[in-house]
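1. coords please:
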Amino acid sequence: MSFSDILLIIISTAGLLHGVLFAVYLCFLKKKRTFPNLLLGLMLIFMAFRIGKSVMLYFGNDLEPIFIFAGLAFLLLIGPLLRWYVLAMTRYNFEFSKNNLLEFVPFTTIFVMSFFVSRKWFETHNREVVIVFASALIFIYLHFAFYIFLSGRLLQKVKGAYRNVLQTKSQKAIFEWLQVLIFGFIVIWISYFLNIIEDTVPYIVGPIVYSVVIYFLTYKALHLKTTEIDGNVFKKNDKEWLYNKISELVIKDKLYLESDLSLSSLSKMVGKSTQNTSEAINQYAKRNFNDFINYYRIQDAKGMLLDANTKNYTISTIAFDAGFSTLSSFNSAFKKFEGITPSLYKKRGSK
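-> Below is the predicted model:
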């Protein structure tokens, strides 16, 4: 073995070992063990199997076909893991479901098939062998490319949703990190794919590129501190969510028209305490509960006072239809918001 071969082995296996050690750190040694870190660690471990196969195939002799097919099969795991990782880093409520297990089917199929590939059959190099191997190879690389595309599209979709929003430092770090990660996988994919096309680049280039990429990714992950954060940084403010839910019930569904609506009954509808409900209204509506409800009641009443279809309604009828339980409370609320009595408002509007 020449000096250049030894150097290539050292460079390619150094990145491989580094990736495995970083994966062990993320999955077992890190104090804060998160689901995204586990996914990232698994990606690095499975990529190590794939890169390890490349190194053994390039420098070793008589590598068993089972290792060739099994090594290629691990690419079918990395794609789904990358997509789940992007989801877990950009959604605070991401949960792994049974449906996600279906994405393991391609890997399971190819991996199980690898146990039935004998050396004798593989080395015949007849048309059947070429077709099966070429088909499997093309499918695996297109599958990986498809998941890289899906992951990039998911990231762009989330970034688009936050384009006009003031982003936190952690959110910016995640966006930058995921862009770098996806680009890294694109570079790795290209280096291997070019080798398939009539040996455009030497096969060993794949492991060397991986080594460079994994060192850079490790640096970026530690620099941006993305191993310390996850999708929780995209979690919306609880009170903002609560106020949006309250607004949907009160305004969109016109719950304010119910005369018996109270802070207590509204709190039960949204599943929160009266204190939390009151605080959300005060913070975002800039009004207390009574003024918040009465404001929308008055808007309805103003419309009825000027509407030709209800011009013959009495003030008290309009007050009750708008959700007020007494005429005096309607008059007080109307004057508070409009500065005049309902009667005067109607009189001015009819001129």
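
2. So for the chain, the centremost residue is which one?
-> With distances taken as Cα atoms, centre = their mean, L87 lies nearest the centre of the chain, 3.0 Å away.

3. for the stretch 1-150 of the chain, what are the low-confidence residue spans?
-> Low-confidence segments of the stretch 1-150 of the chain, defined by pLDDT under 70, span residues 1-5, 8, 56-62.

4. ranges for the helices of it?
-> Assigned by DSSP state H, counting those that start in this stretch, the helices in the stretch 1-150 of the chain fall at 3-24, 35-59, 65-73, 75-90, 105-114, 119-122, 127-161.

5. where do the helices sit along the stretch 201-350 of the chain?
-> Assigned by DSSP H, counting those that start in this stretch, the helices in the stretch 201-350 of the chain fall at 205-224, 238-247, 263-270, 274-284, 289-306, 315-321, 327-338, 342-349.

6. returning to what we had before: can you tell me which of the helices of the stretch 1-150 of the chain is most buried?
-> Among the helices of the stretch 1-150 of the chain, ranked by average contacts under mean count of other Cβ atoms under 10 Å, first place goes to helix 75-90 (a mean of 23). Every C-beta, even on glycine, is put in place using the N, C-alpha and C of the backbone.

7. circling back to that earlier point, dump the helices of the stretch 201-350 of the chain to TSV, plus mean pLDDT.
-> What follows is the helices of the stretch 201-350 of the chain, written out as TSV (pLDDT from 0 to 100):
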stretch	mean pLDDT
helix 205-224	91
helix 238-247	83
helix 263-270	92
helix 274-284	90
helix 289-306	93
helix 315-321	93
helix 327-338	93
helix 342-349	87
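
8. Show me the one of the ones you listed that comes nearest I51.
-> Put simply, out of those the one that sits nearest I51 is helix 205-224, at 5.0 Å, with distance taken as Cβ to Cβ.

9. any idea how far T314 is from Y345?
-> If you measure T314 against Y345 using Cβ to Cβ, to the nearest Å, the figure is 14 Å.

10. cool, and V205?
-> To Y345, V205 is 80 Å away according to Cβ to Cβ.

11. tally of neighbours for G206?
-> Burial of G206, expressed as a neighbour count using other Cβ atoms under 10 Å, amounts to 24.

12. ignore the last one, V117
-> For V117, the neighbour count with other Cβ under 10 Å is 19.

13. now swap in T227 and tell me
-> The number of residues packed around T227, counting by other Cβ under 10 Å, is 20.

14. contacting residues for it?
-> T227 makes contact with 26, 30, 32, 37, 40, 221, according to Cβ atoms under 8 Å, 6 or more residues apart in numbering.

15. just I182 next, same as before
-> If you count contacts by Cβ under 8 Å, 6+ apart, I182 has them with 82, 86, 148, 151-152, 155.

16. Neighbours of V187, how many?
-> For V187, the tally of surrounding residues (other Cβ under 10 Å) stands at 14.

17. Same check on I208?
-> I208 is surrounded by 19 other residues when neighbours are defined as other Cβ under 10 Å.

18. where's it relative to L39, distance?
-> The span separating I208 from L39 equals 25 Å under the rule Cβ to Cβ.

19. Next: S332.
-> In this view, S332 and L39 are 59 Å apart by Cβ to Cβ.

20. Same check on R91?
-> With distances defined as Cβ to Cβ, the gap from R91 to L39 amounts to 13 Å.

21. One more: A73?
-> If you go by Cβ to Cβ, the gap between A73 and L39 works out to 18 Å.

22. cool, I298 as well?
-> When I298 is compared with L39 (using Cβ to Cβ), they lie 53 Å apart.

23. and if you look at K302?
-> Using Cβ to Cβ, we find K302 at a distance of 55 Å from L39.

24. now swap in G52 and tell me
-> 20 Å.

25. again, but for N244
-> Remark: distance between N244 and L39 (Cβ to Cβ) = 31 Å.

26. same check, this time on K220
-> Summarising the geometry, the distance separating K220 from L39, computed by Cβ to Cβ, is 17 Å.

27. mind listing what A280 touches?
-> By Cβ under 8 Å, 6+ apart, the contact set of A280 is 239-240, 242-243, 246, 272.
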